[in-house]
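Trainee: take a look and give me a structure for this.
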Amino acid sequence: MSDAHRRLLRYSLVFVWLATAVVSVWELDGQSRQLLATLPFNSPQVVTALVLAGAAADAVVGLWIALWPGRVAYAAALLLMGVMTLLATAIEPGWWLHPFGPLTKNLPIAAILVVLLRDDPRP
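Mentor: Now for the predicted structure:
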């Protein structure tokens, strides 16, 4: 794969992670809160802390891929996405059927991460 293609894939992922972090904070009382409100420990403080922790994790991964790309960053992103996908599936499996694909979008993102992980020339 050319460097230009690798950069295109990488920066598209950076955008996804950073945009998700910003939107999660911007809409703190929105969909993330609604998803987490179904948990048995759904106090407002706990839910806020979970949403902000998820946003922070998204921001860290986005910046990591932007500033220090490489196999470790891609593997960490893949792991974080996998964990968040499994948690969201356990909480609300119906999100797999959502027309805007909050969970189904993770499949092509995972494919991009695997391609970058395998194709990265850095150790």
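Trainee: show me where this protein has its helices.
Mentor: 3-26, 31-36, 44-67, 71-91, 106-119 (DSSP state H).
Trainee: now tabulate these in a markdown table and tack on mean pLDDT and distance to His98.
Mentor: C-beta here means a position set from N, CA and C on the backbone, and glycine is covered the same way. A markdown table is the format used below for those (pLDDT from 0 to 100; distance: least, CB to CB, whole Å):
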| stretch | mean pLDDT | distance to His98 |
| --- | --- | --- |
| helix 3-26 | 94 | 15 |
| helix 31-36 | 79 | 10 |
| helix 44-67 | 93 | 18 |
| helix 71-91 | 94 | 11 |
| helix 106-119 | 95 | 12 |
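Trainee: now the ones you listed as a markdown table including distance to Leu97 and mean neighbour count?
Mentor: Below are the helices of the chain laid out as a markdown table (distance: least, CB to CB, whole Å; neighbours: other CB atoms under 10 Å):
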| stretch | distance to Leu97 | mean neighbour count |
| --- | --- | --- |
| helix 3-26 | 20 | 16 |
| helix 31-36 | 14 | 17 |
| helix 44-67 | 22 | 16 |
| helix 71-91 | 11 | 16 |
| helix 106-119 | 14 | 15 |
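Trainee: the ones you listed: which one's closest to Phe100?
Mentor: helix 31-36 (10.3 Å; CB to CB).
Trainee: what helices or strands is that closest one leaning on?
Mentor: Judged by 3 or more CB pairs under 8 Å, 6 or more residues apart in numbering; DSSP states H and E, helix 31-36 is in contact with helix 44-67, helix 71-91.
Trainee: one step back: dump the helices of the chain into CSV; add distance to Pro99 as well.
Mentor: As requested, the helices of the chain are exported to CSV (distance: least, CB to CB, whole Å):
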stretch, distance to Pro99
helix 3-26, 18
helix 31-36, 14
helix 44-67, 23
helix 71-91, 16
helix 106-119, 16
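Trainee: want to throw the helices and strands packed on helix 31-36 into CSV with distance to Thr20?
Mentor: Shown next, in CSV, are these (distance: least, CB to CB, whole Å):
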stretch, distance to Thr20
helix 44-67, 5
helix 71-91, 10
